[in-house]
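A.B. asks: Okay, sequence plus prediction incoming.
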Protein chains: 2
Amino acid sequence: MLSKEANQIPFAISIAIPTSFIDVDQSREQQTQHIGRIARAAAIFQVDDIIIYRDKMNSKQMKNLQFVSRVLEYMETPQYLRKHLFGKMPDLQYVGSLPPLRTHHHPLVKESSKLRNGEFREGVVLTAKGKNVVDVGVESPLPLLQFKSTHLLQRITVQIRRDKSGKVTAHPSSPPRSKQYWGYSVKGVESSLGDFLVKKTNYPFVIATSRRGRPIAEEASKIRSQWEKFHRLLLLFGSYKEGLAEILQRDQIDVASVSNHIINLVFNQGTATIRTEEAVFMGLSAFRLLEQLKD
Amino acid sequence: MLSKEANQIPFAISIAIPTSFIDVDQSREQQTQHIGRIARAAAIFQVDDIIIYRDKMNSKQMKNLQFVSRVLEYMETPQYLRKHLFGKMPDLQYVGSLPPLRTHHHPLVKESSKLRNGEFREGVVLTAKGKNVVDVGVESPLPLLQFKSTHLLQRITVQIRRDKSGKVTAHPSSPPRSKQYWGYSVKGVESSLGDFLVKKTNYPFVIATSRRGRPIAEEASKIRSQWEKFHRLLLLFGSYKEGLAEILQRDQIDVASVSNHIINLVFNQGTATIRTEEAVFMGLSAFRLLEQLKD
């Protein structure tokens, strides 16, 4: 059952991961599944943004950056909207076996008679006989009131209204993020990580994960109060081959100069290296637990 | 770099997972990779035992129990010993692309000249010209002193000694578990989980993971002191389809009667269900962090 604690708004968290995380896989199909697992991690822990950065500035990673971003976007999109927003493309060849996200914004109900008054849905704006309608995943698109689309096939959030006669209409709305998790945004960063971190404006509180960092337990209290103050956190991950220090060094940037903390996620680590996918699950678990532990 | 804090012996932790965790995969190859990720989680967090139980008492799961156990054992075995201990078998058809464990007991050094005095190695006992020798992953097996094997191809732990003349010999030893992680044991349980939990003798402290459990943060202090007292913990996991309550109910057993705590791993969960693999990473992260947070 999805959590219904509406009064406990999770702190915002975003993650930044290197394109090379898919290099460990043997095929495009395995890579697709791998990306799916990252998307699952993001959804379970209610991540706002997934930032993909190129850890090597070459054309292979440019292609992979697009591939990873595309699959992540596909997974985040409610199933009934995918036909509008994604055509047949090589990047999406293996999405058929991706695990479902099962978030609130991926509803299972497909009948308009079962839509609840006040329910939120993601939709895509279509035109029927000159009027705006919106596909919200039921048998036919709903009338869309008070909306002017800015481009074709625009994806929007709507709130459902059912009047006394039973007629159902859709009304543009903000995503109900304070009440429930409503998906993540994907940001494929073409510049280097160093460049992105130096120029960013949206992420005031940044934590880098590194084997050479301080144990997370030692910094727990400080981190928790800073996170509460900033109310958002950007968690940076390296790859199993190269840590953030090595990646940033290519831009002559020191990790400490672009992060508030450098944290070691595992105190007594049993293996020599940790894969990005593993670190993402571990890091998100640790920080969401930290969020709950009050002094 | 593997952690070298020799004075900080991690609390012992074992996990119990249902055979059905591989049912989400589309092929035997994907299942093999999936099992590999569980093995990686166990190694990263220094798990002692992986217990696999059948959540459904049918022959398909009996086959899968054997398959899962076999792949886990294969992954735990140092690479140079696999040829002795595992023949060609259908269960291991896809092990070629498994991720390496990279634990201390999976060394990369293959030259006897580089073996260090006092180093520990896993080995398999062989006979050469009537004497016991042991394959420890260097160019030829080492003389094995003071050992009487109980069966053919016995796997043992040895300590390497290099004398003043440079001659290298192997001496039977206990695994150096207090200094470094030395792998996990695999226990494929043929009986039901309920039966196993009622009859077990080795696991005095048991925590069940469940969506209906108490938030882990609320029980943190109590759990930590109990864990320290018992010095070992068994973490139980269900599947994404069925929680532990449903699985145990088939034996008319109540979860609370076979566990010390029932814990919810994620407070604000963004998805409706969590897969066993995800829960294992999350649970192990949370408990290893809890272990480090002193009051």
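C.D. replies: Structure's in. What do you need?

A.B. asks: How about the residues of the stretch 51-200 of chain A by chain B?
C.D. replies: Residues of the stretch 51-200 of chain A lying close to chain B (Cβ under 8 Å from any Cβ of the partner chain) are A:97, A:99, A:101-104, A:181. All C-beta spots, glycine's among them, are computed from the backbone N, C-alpha and C.

A.B. asks: out of these, which are buried?
C.D. replies: A:99, A:101-104, A:181 (16 or more other Cβ atoms under 10 Å in any protein chain shown).

A.B. asks: Next, check those residues against the strands and list the overlap.
C.D. replies: Among these, no residue falls in strands (DSSP state E).

A.B. asks: Including pLDDT, could these go into a markdown table?
C.D. replies: Listed next are those as a markdown table, based on pLDDT from 0 to 100:
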| residue | pLDDT |
| --- | --- |
| A:99 | 90 |
| A:101 | 93 |
| A:102 | 92 |
| A:103 | 94 |
| A:104 | 94 |
| A:181 | 93 |
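
A.B. asks: all strands for the stretch 51-200 of chain A, in order.
C.D. replies: Taking DSSP state E, counting those that start in this stretch to define them, one finds strands in the stretch 51-200 of chain A at A:120-128, A:131-135, A:142-143, A:155-162, A:168-172, A:185-192.

A.B. asks: who's in contact with stretch A:91-105?
C.D. replies: Stretch A:91-105 has contacts (Cβ atoms under 8 Å, 6 or more residues apart in numbering or on different chains) with A:2, A:28-29, A:32-33, A:36-37, A:39-40, A:43, A:66-67, A:70-71, A:74-76, A:78-79, A:86, A:106, A:120-122, A:175, A:180-183, B:24, B:26, B:270-273, B:275.

A.B. asks: picking that back up, can you put the strands of the stretch 51-200 of chain A in JSON lines and add mean neighbour count?
C.D. replies: JSON lines is the format used below for these (neighbours: other Cβ atoms under 10 Å in any protein chain shown):
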{"stretch": "strand A:120-128", "mean neighbour count": "20"}
{"stretch": "strand A:131-135", "mean neighbour count": "19"}
{"stretch": "strand A:142-143", "mean neighbour count": "18"}
{"stretch": "strand A:155-162", "mean neighbour count": "18"}
{"stretch": "strand A:168-172", "mean neighbour count": "19"}
{"stretch": "strand A:185-192", "mean neighbour count": "17"}
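
A.B. asks: number of nearby residues for residue A:256?
C.D. replies: Around residue A:256 there are 12 other residues, counting by other Cβ atoms under 10 Å in any protein chain shown.

A.B. asks: hmm, back to that, Serialize the strands of the stretch 51-200 of chain A to a markdown table and add fields for mean pLDDT.
C.D. replies: Output for the strands of the stretch 51-200 of chain A, formatted as a markdown table (pLDDT from 0 to 100):
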| stretch | mean pLDDT |
| --- | --- |
| strand A:120-128 | 94 |
| strand A:131-135 | 93 |
| strand A:142-143 | 96 |
| strand A:155-162 | 96 |
| strand A:168-172 | 96 |
| strand A:185-192 | 93 |
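
A.B. asks: ok, back up a step: from the contacts of stretch A:91-105, which ones fall inside helices?
C.D. replies: Those of the contacts of stretch A:91-105 mapping onto helices are A:28-29, A:32-33, A:36-37, A:39-40, A:43, A:66-67, A:70-71, A:74-76, per DSSP state H.

A.B. asks: Tell me which two of those sit farthest apart.
C.D. replies: Taking Cβ to Cβ as the measure, the ones in helices among the contacts of stretch A:91-105 span a maximum distance of 22.6 Å, between A:28 and A:43.

A.B. asks: So for these two, which residue has more residues nearby?
C.D. replies: Higher neighbour count among residue A:28 and residue A:43: residue A:43, with 25 against 13, using other Cβ under 10 Å.

A.B. asks: So which residue is dead centre in chain A?
C.D. replies: Nearest residue to the geometric centre of chain A (Cα atoms, centre = their mean): residue A:184, 3.2 Å.

A.B. asks: Now do it, the pLDDT please.
C.D. replies: Note for residue A:184: predicted pLDDT of 97.

A.B. asks: My guess is it contacts residue A:44. True?
C.D. replies: No. Using Cβ atoms under 8 Å, residue A:184 is not in contact with residue A:44, being 11.2 Å away.

A.B. asks: Phi first, then psi, for the most far-flung residue of chain A relative to its centre.
C.D. replies: Using Cα atoms, centre = their mean, the residue of chain A lying farthest from its centre is residue A:165. It sits 39.0 Å away. Backbone torsions of residue A:165, given as degrees, to the nearest 10, read phi -80, psi 0.

A.B. asks: ok, of the contacts of stretch A:91-105, which come out buried?
C.D. replies: The neighbour count (16+ other Cβ under 10 Å) marks A:29, A:32-33, A:36-37, A:39-40, A:43, A:66-67, A:70-71, A:74-76, A:78, A:106, A:120-122, A:180-183, B:24, B:270-273, B:275 as buried among these.

A.B. asks: which stretches of chain A have low pLDDT?
C.D. replies: Scanning chain A for pLDDT under 70 picks out A:1-8, A:294-295.

A.B. asks: Repeat the analysis, applying 50 as the threshold.
C.D. replies: Where chain A drops to pLDDT under 50, the residues are A:1-7.

A.B. asks: one step back: and the residue farthest from the centre of chain A, how close does it get to residue B:191?
C.D. replies: As judged by Cβ to Cβ, to the nearest Å, residue A:165 and residue B:191 stand 60 Å apart.

A.B. asks: Run through the helices of the stretch 151-295 of chain A in chain order.
C.D. replies: Assignment of helices within the stretch 151-295 of chain A using DSSP state H, counting those that start in this stretch yields the ranges A:193-199, A:220-230, A:244-249, A:276-292.

A.B. asks: In a markdown table: those, plus mean neighbour count.
C.D. replies: A markdown table is the format used below for these (neighbours: other Cβ under 10 Å):
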| stretch | mean neighbour count |
| --- | --- |
| helix A:193-199 | 18 |
| helix A:220-230 | 15 |
| helix A:244-249 | 20 |
| helix A:276-292 | 24 |
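
A.B. asks: contacting residues for the residue nearest to residue A:252 when sequence neighbours are not counted?
C.D. replies: Among residues not flanking residue A:252 along the chain, residue A:194 sits closest, at 7.9 Å (Cβ to Cβ, 6 or more residues apart in numbering or on different chains). For residue A:194, the contact set (Cβ under 8 Å, 6+ apart) comprises A:247-248, A:250-253, A:258.

A.B. asks: go again using 6 Å as the cut-off
C.D. replies: Residue A:194 makes contact with A:248, A:251, A:253, according to Cβ atoms under 6 Å, 6 or more residues apart in numbering or on different chains.

A.B. asks: Nearest to residue B:292 among those?
C.D. replies: For the contacts of residue A:194, the minimum distance to residue B:292 (Cβ to Cβ) is 26.9 Å, reached by residue A:248.

A.B. asks: Kindly provide the distance from the closest one to residue A:54.
C.D. replies: Distance of residue A:248 to residue A:54, computed by Cβ to Cβ: 13 Å.

A.B. asks: same question, residue A:178
C.D. replies: Noted for residue A:178: a distance of 34 Å to residue A:54, by Cβ to Cβ.

A.B. asks: One more: residue A:74?
C.D. replies: Applying Cβ to Cβ, the value for residue A:74 to residue A:54 is 20 Å.

A.B. asks: Kindly report the same for residue A:237.
C.D. replies: According to Cβ to Cβ, residue A:237 stands 14 Å off from residue A:54.

A.B. asks: And those two? Which one has more around it.
C.D. replies: A direct count of neighbours by other Cβ under 10 Å for residue A:237 and residue A:54 places residue A:237 higher, at 26 against 22.
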